[in-house]
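Enquirer: Pasting the sequence and the predicted coordinates here, then a few questions.
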Amino acid sequence: MQKSLPLNSQVPHVPVGPGNMTWLVTPGSTSARFGTALGSGAHVVLLDLEDSVPADAKADARDAVLGFAGAHAGRAGGPLLGVRINAAHSAEGLRDIVSMADLNLWPDLVVVPKVESGGDIAAVVRAVRRAGSAAKVWALIESPQGVLDLPGIVRTPGLAGVLFGAADYAAAAGCQLTSRAMWYPRSQLVTAAAGAGLPAVDSPYFFLDNPDGLRRDALEAVELGFVGKVAVHPRQLNTIAQAFTPSPHEVAEARAVLAAAERADGAITTAGGAMVGPPLIEAARTIARRARLSHNVTTSLTPKAS
């Protein structure tokens, strides 16, 4: 029997783990909602200091968000706590980073919006490292220029992952905020991230009264290769989690592939009538990881009987 390449050869591993599947964004000016968001069951609670906060409320929102982050980030067993700062090249963005460093109040994740070059990320990474913080830096790509510069952005040392911002992209590109209009930038984002071994998280679906549209959009994100999706309301979380949960058939097929690979001990083999080699084995491992993660999330999002 013909021998295969080692099972981990030529197959980039995009990390899929806690903090990547369900994200919930909450305006930084609504501190009364922070605790509710933290208990929502989302993997990441993302407190926003940028677009959702009016200019005259930035300072108060910053104080509330950083105080909450300092008290709740890094807790075992809870969601990751992220903060979307203002654009890194703006005055408010600089104030956000300086305040985090001066007060030593850091979230688990720092999301940098309006990223259009590796320099936008490098400056934030330097500030985080200089402060000795363990916060992970993510880039939010939301413009045509950001998409064009993705090869350089994703190779920036210290970058932990990328998110897509569909609404800003549509506005900047002059296109409609539809699934078809977003195919190209979403595909570019996933491709660049996968090539750099980074996770990519999809944009929110903004139409709260269209659950069928949310489900279609989330399933499309799975198909494209995103590892998670942002929600703008807690009631969207369950639909997103279900979309990212592999079907019983997918899980059964993945288990069959992994079992066949183990029996073959590195040789090319078959499972369910299909040839099994390194790419299919890695895909099966990804489905198995998604299934384990999805079970934990859907369990936490399911209301308990009283």
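Expert: Structure received. Residues are numbered from 1 along each chain as shown.
Enquirer: Tell me the secondary structure at S29.
Expert: Following DSSP: H, G, I helix; E, B strand; the rest coil, S29 is assigned to coil.
Enquirer: For it, list the residues it contacts.
Expert: Residues near S29 by C-beta atoms under 8 Å, 6 or more residues apart in numbering: 52-54, 57, 60-61, 64. C-beta: built from backbone N, CA, C; applies to glycine.
Enquirer: what about the strands in the stretch 201-306 of the chain?
Expert: Assigned by DSSP state E, counting those that start in this stretch, the stretch 201-306 of the chain shows strands spanning 228-231, 269-271, 274-276.
Enquirer: Any of the contacts of S29 buried? List them.
Expert: Among the contacts of S29, those classed as buried by 16 or more other C-beta atoms under 10 Å are 52-53, 61, 64.
Enquirer: residue ranges with poor pLDDT in this protein?
Expert: 1-20, 247-254, 257, 261, 264-284, 286-287, 289-306 (pLDDT under 70).
Enquirer: picking that back up, can I get the contacts of S29 in CSV with secondary structure?
Expert: Shown next, in CSV, are those (three-state DSSP):
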residue, secondary structure
S52, coil
V53, coil
P54, coil
A57, helix
D60, helix
A61, helix
A64, helix
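Enquirer: Dump these to a markdown table, plus distance to A172.
Expert: Output for those, formatted as a markdown table (distance: C-beta to C-beta, whole Å):
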| residue | distance to A172 |
| --- | --- |
| S52 | 18 |
| V53 | 20 |
| P54 | 21 |
| A57 | 25 |
| D60 | 29 |
| A61 | 25 |
| A64 | 30 |
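Enquirer: how far away is A192 from A200?
Expert: Remark: distance between A192 and A200 (C-beta to C-beta, to the nearest Å) = 8 Å.
Enquirer: okay, the two: which has more neighbours?
Expert: More crowded of A192 and A200, by other C-beta atoms under 10 Å: A200, with 26 against 21.
Enquirer: P234 touches V45, doesn't it?
Expert: No. Counting by C-beta atoms under 8 Å, P234 stays clear of V45, with 10.3 Å between them.
Enquirer: any residues in contact with both of the two?
Expert: 24, 37.
Enquirer: before we move on, the earlier item: return the member of the buried ones among the contacts of S29 nearest to C175.
Expert: Nearest to C175 out of the buried ones among the contacts of S29 is S52 (C-beta to C-beta; 22.9 Å).
Enquirer: just to revisit the earlier point, in terms of neighbours, single out the busier of P234 and V45.
Expert: Comparing P234 with V45 by neighbour count (other C-beta under 10 Å), the higher total belongs to V45, at 30 against 17.
Enquirer: quick one on the thing from earlier: spit out the residues that contact A192 and A200 alike.
Expert: By C-beta under 8 Å, 6+ apart, the residues touching both A192 and A200 are V162.
Enquirer: check contacts around the residue positioned nearest the centre of the chain.
Expert: Central residue of the chain (C-alpha atoms, centre = their mean): V201, 3.3 Å from the mean position. Neighbouring residues of V201 by C-beta under 8 Å, 6+ apart: 20, 23, 138, 161-164, 226-230.
Enquirer: Same question for D202.
Expert: Here D202 is in contact with 163-164, 186, 217-218, 221, 224, 226, 228-230 (C-beta under 8 Å, 6+ apart).
Enquirer: partners of it in the sheet?
Expert: D202 has these beta-bridge partners by DSSP bridges: K229.
Enquirer: Next one: it from A123, what distance?
Expert: Note on D202: its distance to A123, by C-beta to C-beta, is 26 Å.
Enquirer: do the same with A87
Expert: For A87, the distance to A123 equals 11 Å [C-beta to C-beta].
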